[in-house]
Structures are given as C-alpha cells and as structure tokens.
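[1] This is a predicted model, with the sequence first.
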Amino acid sequence: MILYGTVAFAVVYMLWYHVLGIGYLSADEYLKDMDPAYVRVRPPDEAIFGVIKTYHSPYYNPRGDVTPWKEALETETPAV
C-alpha cells in the first residue's frame with residue numbers, strides 16, 4: 001500500500017512542478033528568498049501546446065558541449 005502511495009506522490013509531484021510548472025522549483029524558491037520582488041518569467045517558446053514544457057538538461061547549452069578541449073581549440077591561434 002505504501003508503494004502505491006509513493007508512486008502516486010511521485011506522479012503528482014512530476015506533474016505539478018516539472019510538467020505543468022505550477023509550483024516553484026528550488027532554484028526559483030532560492031531566487032525568491034534572495035530577491036522578494038522576483039517573479040518567474042518563462043520564454044514563450046518554452047511550452048508545447050501552452051501546457052507541456054520542452055525539456056532541456058540542466059547542462060544544456062545552445063552552443064553545444066563546451067569542453068576544455070573545445071575551449072582550447074577556440075582560443076588558440078593556429079601556428080603559421
């Protein structure tokens with residue numbers, strides 16, 4: 001019985017905080033604590049059908065993966 005309750009809680013939690021975005025995540029709560037005037041603003045292209053948010057990994061970078069090797073290649077000048 002406890003297993004079913006745990007699974008139900010997990011489903012509701014995921015829907016409330018991550019899928020629908022109704023509740024504040026811990027990063028938003030932190031920003032609210034640091035700045036009482038903080039208001040979460042989402043970009044308009046973040047939601048699919050206005051409800052389901054597109055998922056990006058916390059490590060997502062639109063420039064692609066930035067590794068020390070890639071940074072070294074971008075900053076070094078080739079020898080002539």
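    Structure received.

[2] Helix or strand for the most centrally placed residue in the chain, just tell me which one.
    Nearest to the mean C-alpha position of the chain, by CA atoms, centre = their mean, lies residue 58 at 5.2 Å. For residue 58, there is no enclosing helix or strand under DSSP states H and E.

[3] where in the protein is pLDDT low?
    42-56, 63, 66, 76-80 (pLDDT under 70).

[4] count of residues packed around residue 20?
    The number of residues packed near residue 20 is 13, by other CB atoms under 10 Å. (Each C-beta comes from the backbone N, C-alpha and C, glycine too.)

[5] With residue 38 instead?
    14.

[6] what residues are up against the residue nearest to the centre of the chain?
    Shown in contact with residue 58 (CB atoms under 8 Å, 6 or more residues apart in numbering): no residues.

[7] Repeat the analysis, applying 10 Å as the threshold.
    Contacts of residue 58 were listed using CB atoms under 10 Å, 6 or more residues apart in numbering, and they are residue 27.
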